[in-house]
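1. Provide a 3D model corresponding to the input given below.
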Amino acid sequence: MHEFGPRQDPRRRDLTDTVQHVLASRGIVELERDAVIGGHLVDLLFTSLDGNTAVLVDTGPHPAVTRHDTSA
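-> Residues are numbered from 1 along each chain as shown. The predicted structure is shown next:
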């Protein structure tokens with residue numbers, strides 16, 4: 001189907017897959033994953049009648065860091 005770039009962790013890859021499927025359902029099938037735009041890495045780059053669009057996938061907040069209370 002398509003190749004995954006080296007930077008994509010599983011969560012980012014899954015979200016990028018979802019965005020790609022939504023775009024495909026709207027007729028946008030030509031896109032590039034892990035594209036470099038102006039020296040910046042973007043998750044997806046696609047072209048539509050409106051022009052080029054770069055997409056950055058936000059995986060949300062990082063899981064909370066567990067802190068251990070060492071005072072006893």
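
2. T47: what's it in contact with?
-> By CB atoms under 8 Å, 6 or more residues apart in numbering, the contact list for T47 reads E30, L31, T53. For the C-beta atoms, the positions are set from N, CA and C on the backbone; glycine is no exception.

3. what helix or strand does T53 sit in?
-> strand 51-55 (DSSP states H and E).

4. Show me what that strand is packed against.
-> strand 40-48 (3 or more CB pairs under 8 Å, 6 or more residues apart in numbering; DSSP states H and E).

5. For the strand it packs on, what is the distance to the chain centroid?
-> Strand 40-48 has its C-alpha centroid displaced from the chain centroid by 9 Å (CA atoms, centre = their mean, to the nearest Å).

6. Hey, what's the angle from that strand to strand 51-55? Just curious.
-> Strand 40-48 runs at 140 degrees relative to strand 51-55, counting by axes from the mean of the first three to the mean of the last three CA atoms, to 10 degrees.

7. hey, what's E32 bridged with?
-> L45 (DSSP bridges).

8. tell me the contacts of it?
-> L44, L45, F46.
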